[in-house]
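A.B. asks: Sharing a model prediction with you, sequence too.
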Amino acid sequence: MSPLRWTCKSTRNLAAELRHEGFVVSHMSVGKKLHELGYNLHALRKNQEGTSHPDRNAQFEHISAMVEDFQARNQPVISVDTKKKELVGSFRNVGREWQPTGRPEEVNVHDFPEDAVGKAIPYGVFDMTRNEAWVSVGRDHDTPAFAVASIRQWWKTMGLPAYPSATELLITADAGGSNGYRTRAWKKELQELADDTGLNIHVCHFPPGTSKWNKIEHRLFCHITQNWRGKPLTSFETVVNLIGRTRTTRGLRVKARLDKKQYPTGVEITKTEMKRLALRKDDFHGDWNYLLEPRRTE
């Protein structure tokens, strides 16, 4: 067995080192010999997920059952998450698009944050039943207040018109981030949304390390990325317009709007404030599954 497991050297560099050792060999011969020995060019493969939670599959089944129940009763079901933040300015965007031959659009050589107009924070709300979505593009911070403000905008703009008789809302979300299950501010903001809308808001979190199974990732975000491939995101208006024009052959419809509000970080919610919430934890993993009921006003 050869002690060589991998090398980042090119065949030309390997050939040069062999010639330095007294061998007469070309880079093509080195490449051929590597193939004969069972070596090929490989990129890194993301395949190590770490230790999975023992209740991972049970939570998946619980989420699936909840979604089916809500859809059968024509109650709204949404998948939420924050898409990768994007520098706004004349920066290279991965991908290619059709341009006149020899006339590609020119952008900055370096992607320095200080040269950016700002940073776009797209928070998505995907309606799993109707295959439509709302995206708020923030420009301040990704906080629980921003996350719930995005859900509120979806409800006013798309949710309520589509479900005028709804009494409940099911939200599926990742375990971490601005909508994480440990985040007190997330629950407090949802409580205020429940109070304002009169909706019983049910939340189901995916187990830690399983965000790729969240529907919004492959039903919305991947299509947004595909739609703006190769296009520099030169302004916030460009970001909003490209998101809003995202379509698929399966009928995906997206609305987007710029959120210019400021969302300060580090907002602390006390235990006393948490006790005021009309929060009911499920019997199964109450940290991942819970209900926020509208509080009655005096």
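C.D. replies: Right, received. Where do you want to start? On a predicted model such as this, the values are computed, not experimentally measured, just so you know. Numbers count the residues shown, from 1 in each chain.

A.B. asks: quick one: the helices in the stretch 151-298 of the chain?
C.D. replies: Using DSSP state H, counting those that start in this stretch, the helices of the stretch 151-298 of the chain run over 160-162, 184-197, 215-216, 222-227, 236-244, 271-275.

A.B. asks: Next, format the ones you listed as CSV and append mean pLDDT, distance to residue 152 and mean neighbour count.
C.D. replies: From N, CA and C alone the C-beta is placed, and that goes for glycine too. What follows is those, written out as CSV (pLDDT from 0 to 100; distance: least, CB to CB, whole Å; neighbours: other CB atoms under 10 Å):
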stretch, mean pLDDT, distance to residue 152, mean neighbour count
helix 160-162, 98, 11, 13
helix 184-197, 98, 6, 20
helix 215-216, 94, 17, 20
helix 222-227, 87, 21, 16
helix 236-244, 92, 18, 18
helix 271-275, 97, 19, 10
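
A.B. asks: Quick one: closest of the ones you listed to residue 22.
C.D. replies: helix 222-227 (51.0 Å; CB to CB).

A.B. asks: That closest one packs against which elements?
C.D. replies: Where contact means 3 or more CB pairs under 8 Å, 6 or more residues apart in numbering; DSSP states H and E, helix 222-227 is packed against helix 236-244.

A.B. asks: where does the stretch 101-250 of the chain dip in pLDDT?
C.D. replies: Confidence mapping of the stretch 101-250 of the chain against pLDDT under 70 gives the ranges 101-116, 230-231.

A.B. asks: before we move on, the earlier item: out of the helices of the stretch 151-298 of the chain, flag the one nearest residue 84.
C.D. replies: Closest among the helices of the stretch 151-298 of the chain, using CB to CB: helix 222-227, at 8.4 Å.

A.B. asks: Mind listing residues that contact stretch 188-203?
C.D. replies: With contact meaning CB atoms under 8 Å, 6 or more residues apart in numbering, stretch 188-203 is reached by 66, 70, 144-145, 147-149, 151-152, 155, 166-173, 181, 269, 273-274, 277-279, 289-295, 297.

A.B. asks: Now do the contacts for residue 214.
C.D. replies: 79, 81, 172-174, 206.

A.B. asks: Need those in TSV (columns: distance to residue 139 and neighbour count).
C.D. replies: What follows is these, written out as TSV (distance: CB to CB, whole Å; neighbours: other CB atoms under 10 Å):
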residue	distance to residue 139	neighbour count
79	23	23
81	18	24
172	26	24
173	22	25
174	22	25
206	27	23
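
A.B. asks: from the chain's centre, how far out does stretch 205-212 sit?
C.D. replies: 12 Å (CA atoms, centre = their mean, to the nearest Å).

A.B. asks: Can you check the distance spanned by that stretch, start to finish?
C.D. replies: Terminal residues of stretch 205-212 lie 13 Å apart, using CA to CA, to the nearest Å.

A.B. asks: what do you get for stretch 236-254?
C.D. replies: 17 Å.

A.B. asks: residues in contact with that stretch?
C.D. replies: 86, 88, 117-118, 120, 122, 131-135, 137, 139, 219-220, 223-224, 227-228, 231-233, 255-258.

A.B. asks: List every C-alpha atom in the lengthiest strand in the chain, with coordinates, as PDB.
C.D. replies: When the chain is parsed with DSSP state E, its longest strand is strand 118-127. The C-alpha trace of strand 118-127 is given here as PDB (Å, rounded to 0.1, in the frame of the first residue of the first chain):
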ATOM      1  CA  GLY A 118     -24.700  46.600   2.700                       C
ATOM      2  CA  LYS A 119     -25.600  43.000   3.400                       C
ATOM      3  CA  ALA A 120     -28.900  41.500   2.400                       C
ATOM      4  CA  ILE A 121     -30.600  39.100   4.800                       C
ATOM      5  CA  PRO A 122     -33.400  37.200   3.100                       C
ATOM      6  CA  TYR A 123     -35.900  35.600   5.500                       C
ATOM      7  CA  GLY A 124     -38.300  33.200   3.700                       C
ATOM      8  CA  VAL A 125     -41.800  31.900   4.600                       C
ATOM      9  CA  PHE A 126     -42.800  29.000   2.300                       C
ATOM     10  CA  ASP A 127     -46.500  27.900   2.200                       C
END
